[in-house]
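Based on what follows, work out the 3D shape:
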Amino acid sequence: MSRLLPLRAGCALSALCVAHAAFAQATDAAPQAADQAYHDNRADIVVTALIPRRQGDILSGTTVLTGDKLTQQLRTTIGETLARQPGVSATSFGPNASRPILRGFQGERVRILTDGIGSFDVSNTSVDHAVAINPLTADRIEILRGPAALLYGSSAIGGVVNVIDSRIPRRVPDEPVHVEGLATYGSAANERTVSGEIEAPLAENFVVHVDGSWSKSDDLRTGGYILSKPQRALAAKSDDAEIREDGMWKGKLPNTAAETWEVAGGFAYIGDGGNLGVSVSHTENRYGVPSRIDVTEEHDHDHEGEEHGHEEEEGHSHEDVTLSMRQTRADLRGEVATVGGFLDSIRLRAGWADYQHQEIEPTGEVGTTFKNQSMESRLEFIQAKRGGWDGAFGAQFFTRRFQADGEEKFLPKNETNQLGVFTLQSLDLGDTRLEAGARYEHTDLKADPDADLFVDGRTRSFNALSGSLGISQAIMPGWRAGLNLSRSERAPSAEELFARGNHAGTQAFELGNPDFGKERSWGVEGTLRGGGEGYSISLAAFHNWFDGYIYDAIVDDSVCQAANGGAELEFPCFAYAQADARYYGFEAEASVKLAQVGRYAINVDGVADYVRAHIKGNGPAPRIPPLRLLGGLEARGDRLSARAEIEHAFAQERIADYETTTDAYTLVNASLSFKPFAGNDRTTLMLSANNIFDVEARRHASVLKDFAPLAGRDIRVTARFSL
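Model (predicted):
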């Protein structure tokens, strides 16, 4: 029995007590829009920072995507929606499974949240597993990078992506019925998307919410060859005419069609003294996984022609595997204001989900089934501001039960239980601001015995302590410089400890190590933000030193064969290992108003980001995005705006020994936005053209980049309305 079982009961009891207190106090209050900080329309308010603050007051890199900016970048996956933001790339496993990468970190080092609570999926186990969060219903998306993100868990060392929606209402609508909708067509995949939501007040303080979305797309049209140059070179050397033909394949990326739908309902009581609400949602998503077109006569998984001898009957496989995913989820959110005393308010956030996806073979048979049941609750106590001192503290509980069955079962049935306590304290002395944060986590991980995977069963427990200390200083009017120092510890994940089996999604036999210790790191981050009349600049530089950094690397097949009962391997052997490592890089963002021409402001803006990562004794870390530059020119008016931008990603030649290099690419995009109704900023018509010159582009961070390029020319029409 889990050592955290008594704590589960305590967390549940605390949640019920806070919910009851919020309801009791709210029922005596006059009707008024509550939780103002969360639905504040100002784009620079960041609520993921625990204590809602303006971006300029946060001592780490932050990004807020909302309004027209969100509409312009919106895609059906959270990874592609955020891929143009500073310090952000994406896993890009085809157009349907794309998870954000922050500062070169992905998987277990980035937390993807919905309103502060996890996504409850299995996207962390493999890049071909989609995130179960729908960006189409997002009101805003916040990205928090650096030490402040550790308040959401030690697995957030890379950062936090928080998708905020109104599924649990935050305010009482002024109108009898409030309606919002979105419709999009994208030409590159014949994408058709619609979503809508309705909110209506009931009685004085009750609000009901209903939303739904549907999206369908065909195979993605790319901008050039399907295979990368190294793969085409291999194909050209083949004696097999079909392999040579496959190597020259252009146009549509096979097996990338998808269809997704989601429906949800929410209900909330909102009063002057607090609010309490619940929601239930159901999502179903069926999507194709791009197949690797093998252009060698031996399935050699080689790097620069080195063979590892994993033979197959055919050298040009086109297996069309599809994933059928479903998730049912329930959420609760409450807040109660405390008048006077030490606390200003108490917040509760909790969620539960039942997740399952099936990997369906071309024959229609189910190859593997993944099941995941998760629950997470978070209780926050927000302190009343006293002079220049404010802060918050709280507790967070997470539990996850994971099971995989079928041909590609590479993990035994396992369970994770985690309890964390945290605090953030801030002191504002005017020109000088100090901030300190700390988090303690206890994690239990248990793997059941599994004869198929030669696993005897194992239980591990970890205690992790993380903290940060920061200072910012006003150096001149409108300018602040900041410095953060952090120390973090992370418990290994179940995948890193217990993986032991073939995994077709990553084309690897994955081998964990149940004896791993904690991953520890020191980090330092410097920031400089400022602006004046018509311009703003934001700079951030970071450096992380890891002790016991967990990574996967290709090793001799005999290592995995020994763990696999001596059987031959279907894929190359990738074993998790620990070593010292370091990451460093920067992000820069700037905007300048060049002129005012009549009603239109002419603005120019730019973004640059770079990451360099090295693993001691192993060389460059794999899948690290290269230097990237993005610049835009915009004419913005009250109702009509036009924008053109250029994104250039440099070649990545600093690679791990089993990777291939990635060529540079340049994308040119343009958009035109029109607000047809004066005074209604929420109704917008938008026409955009992405990758106008139809170039071939590949993200180095993608496991599949040699076999699945990005979209070619994509003409998009989007209509968003609010009534």
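
How much space separates residue 657 from residue 387?
Residue 657 is 56 Å from residue 387, where distance means C-beta to C-beta, to the nearest Å. In this view, the C-beta of every residue, glycine as well, is placed from N, C-alpha and C.

The two: who's more crowded?
Using other C-beta atoms under 10 Å as the criterion, residue 657 and residue 387 rank with residue 657 on top: 13 against 8.

residues in contact with residue 636?
600, 601, 603 (C-beta atoms under 8 Å, 6 or more residues apart in numbering).

so can I have CSV of those residues showing neighbour count, pLDDT and secondary structure?
Below are the contacts of residue 636 laid out as CSV (neighbours: other C-beta atoms under 10 Å; pLDDT from 0 to 100; DSSP: H, G, I helix; E, B strand; the rest coil):
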residue, neighbour count, pLDDT, secondary structure
600, 16, 94, strand
601, 16, 95, strand
603, 19, 97, strand
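
Out of these, the closest to residue 410 would be?
Nearest to residue 410 among these, counting by C-beta to C-beta, is residue 603 at 49.3 Å.

Was I right to think that closest one contacts residue 590?
No: Residue 603 is not in contact with residue 590 according to C-beta atoms under 8 Å; the separation is 10.7 Å.

Centre of the protein to the edge, which residue is at the far end?
Relative to the centre of the chain, and counting by C-alpha atoms, centre = their mean, the farthest-placed residue is residue 239 at 43.2 Å.

Specify the local secondary structure of that one.
Assigned with DSSP: H, G, I helix; E, B strand; the rest coil, residue 239 falls in the coil class.

pLDDT score assigned to it?
What the model reports for residue 239 is a pLDDT of 86.

List the buried residues of the longest strand anywhere in the chain.
Secondary structure of the chain per DSSP state E: the longest strand is strand 573-597. Within strand 573-597, the residues scored as buried using 16 or more other C-beta atoms under 10 Å are 573-578, 581-591, 593.

Same question for stretch 600-617.
Neighbour-count burial for stretch 600-617 [16+ other C-beta under 10 Å]: 600-601, 603, 605-615.

what does stretch 223-240 give?
For stretch 223-240, burial by neighbour count (16+ other C-beta under 10 Å) applies to 223, 224, 225, 226, 227, 228, 230, 231, 232, 234, 235, 238.

can you pull the contacts of the first one?
The one in question is residue 223. 691, 694, 695, 696, 697, 709, 710, 711, 712, 713.

List just the nearest of the residues you listed to residue 534.
Residue 534 has its nearest neighbour among those in residue 691, at 30.9 Å by C-beta to C-beta.

measure the closest one to residue 99 for me?
21 Å.

Show me which of those two is the more surrounded one.
Neighbour comparison, residue 691 and residue 99: the larger count goes to residue 99, with 27 against 22 (by other C-beta under 10 Å).

ok, now how distant is that one from residue 108?
11 Å.

same deal with residue 147?
For residue 147, the distance to residue 108 - C-beta to C-beta - is 18 Å.

So the two - more neighbours on which side?
A count of neighbours by other C-beta under 10 Å puts residue 147 above the other of residue 147 and residue 108, at 27 against 22.

residue contacts, the more buried one?
59, 60, 437, 468, 470, 484, 485, 486, 488, 523, 525.

change it to 10 Å
Residue 147 is in contact with 59-60, 156-157, 435, 437, 466-470, 484-488, 523-525, 542, counting by C-beta atoms under 10 Å, 6 or more residues apart in numbering.
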